[in-house]
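**Q** Any chance you could fold what I've pasted below:
(one chain, ligands or ions: 2)
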Amino acid sequence: MEKSAKAVTPAPPPVPLNVPVADSHTHIDMQDAGVEETLAAAAEVGVTTLIQVGCDLERSRWSARAAAEHDAVWAAVALHPNEAPRLALGEGGWKALDAALEGIAELAARPEVLGVGETGLDHYRTGPEGREAQQYSFRRHIELAKRLDKALVIHDREAHEDVLRILEEEGAPERTVFHCFSGDAAMAEVCAAKGWFMSFAGNVTFKNARPLRDALAAAPPELLLVETDAPFLTPAPYRGRPNAPYLIPYTLRVMAEVKGMTEDALAEHIAANTARAFGYPR
Ligand SMILES: [Zn+2]
Ligand SMILES: [Zn+2]
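**A** Ligands and ions are numbered 1, 2, ... in the order given. Coordinates of the predicted model:
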C-alpha cells in the first residue's frame, strides 16, 4: 500500500485515564494502523474495550472476525443508512438489499457481535430518492436487534424526527444507543425518558458545538457513552489529524467538564454504561 503524500503527524497520546473505558463506536477498518497497533495504543491510555462497527456486509464480516480474534474488541454489524439505498438503487435492486440484510442477520447472531448498527437515517448524504430504502432497512435492523436481543446502534444525521417516529412505530429494542449524538437538549430529554443511551463523539469538543454541550448537560450520567467514530471527528485541539481510539481521553475530559464531574467519576459511569448497553462483562 502506498503512503499518502499528505500524511499528517498523529496527535500525541493523552495522559492515561485512571478508570479504563470503552470506545463505544469505532471503525478500525478505515484507519491506517492495524488492529494490534490500534488496541495497544488505546490500552496504553486506558481505553481497553472497543466496539468495532461494520458499515456494509463485507466490513461487518471483517468486524465480527476482529471481535472473534481479540478479547478487547466486540462487534456491531449492519448496512449503514447510506449503504442501504446504494444497494436498493443499484444494479441488484431491492433483491441485493434483502440479500445483504440476510447476511447481516447471520453475522448478528454470533456471540462476539453485540450490536446491530450502525443503522438509522441520514438525510444529509441520502436524498429523497433513497429514503424509502433507508427507512425499510432501518426497520429491518430494529426488528433484528429485538429478535436477537442485541443493542441497536443508531446513526441519525439530520433526521431526528423520522428516527424517533420509526423507533416509536416499531418499538425500540431493550438497549438502544444513539451513536455520535447530535440532538439538542430537548432531544436528550426525550432519550433520557426512554432510557436510550447517548454516545458523544469528538465533535462535542468543537468550539461551535455549544448546542451539543447543552444536550450533554441535559443527559443523565447513567446513559452516557463516549466514542471516537474514528477515523472521523478528531477531538480538539487536534482537528485535521487522523482520529483513533487512543484519543478518547481528550473527549472524555471535555465531557467531564461539561457535566461538572471529576474525570474518574464520569469514566466510572461510562465504563459501566457501555458494558450494560452492549451486554458484555466488565
Ligand atoms: Zn454514523
Ligand atoms: Zn460510524
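
**Q** Output the below-cut-off pLDDT ranges for the stretch 1-150 of the chain.
**A** 1-7 (pLDDT under 70).

**Q** any chance you could map the strands in it?
**A** 21-26, 47-53, 73-77, 113-122 (DSSP state E, counting those that start in this stretch).

**Q** Residue 35 is nearest to which of those strands?
**A** Nearest to residue 35 among these is strand 73-77 (7.4 Å), distances taken as Cβ to Cβ. To be clear about C-beta, it is placed using only N, CA and C from the backbone, and glycine gets the same treatment.

**Q** Mind listing residues that contact the closest one?
**A** If you take Cβ atoms under 8 Å, 6 or more residues apart in numbering as the criterion, strand 73-77 is touched by 25, 28, 35, 39, 49-54, 60, 63-64, 66-67, 104, 107-108, 110, 112-118, 151, 153, 278, 280.

**Q** Distance from the chain centre to stretch 145-163, please.
**A** 11 Å (Cα atoms, centre = their mean, to the nearest Å).

**Q** Report the separation between the two terminal residues of that stretch.
**A** 16 Å (Cα to Cα, to the nearest Å).

**Q** residue of the stretch 101-250 of the chain with the smallest distance to ligand 1?
**A** Proximity of the stretch 101-250 of the chain to ligand 1 (Cβ to the ion) peaks at residue 155, 3.5 Å away.

**Q** Surely that residue and residue 79 touch.
**A** No - checked against Cβ atoms under 8 Å, the pair residue 155 and residue 79 is beyond contact range at 10.8 Å.

**Q** give me the beta-bridge partners of the residue of the stretch 101-250 of the chain closest to ligand 1?
**A** On the basis of DSSP bridges, residue 155 is bridged to residue 120.
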